[in-house]
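Participant: Dropping a prediction and its sequence here:
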Amino acid sequence: MKAIKITSLAVFALLLVAACKKKNQPTPQEMLEGKWIIQSQEWLTYTVPGDGSYLQFNACSSSCSGVDYKASDTTSGTFTYVLNEEATLLTITDNSSDGGSWGAAWDILELTENDLRITGSTPFGNVKVEMTK
């Protein structure tokens, strides 16, 4: 009887430890990868709602690349990007206006598995972009 209690206690302890393990948290790079649909863009004091445009950040191999799609003129282009180690700066190199002109150093305000908020400076003032997966 005592052996059954000890065995039951040991099994319970193992189950408790297994249940308490946290799942592996994705890295900032893994969170960035995927299709981000633009929800809004804020220029000066004006907020423009999203229109179906998006940025697609592909997984990195020898370099990091992606696709930008601009719904208003149905064009798409490609870009390269770099995410710094702290996940505070996203630098996009966009050599074509197709898909939108996203080439800039963007400060990351928020990066989660489902939300991305970035801000950048333009000659016309700051712009803030909110996106969701």
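Facilitator: That came in fine, so what should we check first? Numbering: from 1, shown residues only.
Participant: what bits of the chain have low per-residue confidence?
Facilitator: 1-22 (pLDDT under 70).
Participant: Next up, the contacts around the residue positioned nearest the centre of it.
Facilitator: The centroid of the chain falls nearest to Leu32 when counting by Cα atoms, centre = their mean (2.9 Å). Residues in contact with Leu32 (Cβ atoms under 8 Å, 6 or more residues apart in numbering) are 57, 83, 87, 90, 111, 116. No exception for glycine: its C-beta is placed from N, CA and C like everyone else's.
Participant: Torsion angles phi and psi at it?
Facilitator: When read as degrees, to the nearest 10, the backbone of Leu32 gives phi -70, psi -30.
Participant: quick one on the thing from earlier: most neighbours of all the contacts of Leu32, which one?
Facilitator: Scoring the contacts of Leu32 on neighbours with other Cβ atoms under 10 Å, the highest-scoring entry is Leu116 at 26 neighbours.
Participant: Hmm, it is touching Trp106, no?
Facilitator: No: Leu116 lies out of contact with Trp106 (Cβ atoms under 8 Å); the separation is 9.7 Å.
Participant: Contacts only, for Asp51.
Facilitator: Asp51 neighbours (Cβ under 8 Å, 6+ apart): 38, 71-72.
Participant: I'd like the distance between the residue nearest to the centre of the chain and Pro123.
Facilitator: To Pro123, Leu32 is 27 Å away according to Cβ to Cβ, to the nearest Å.
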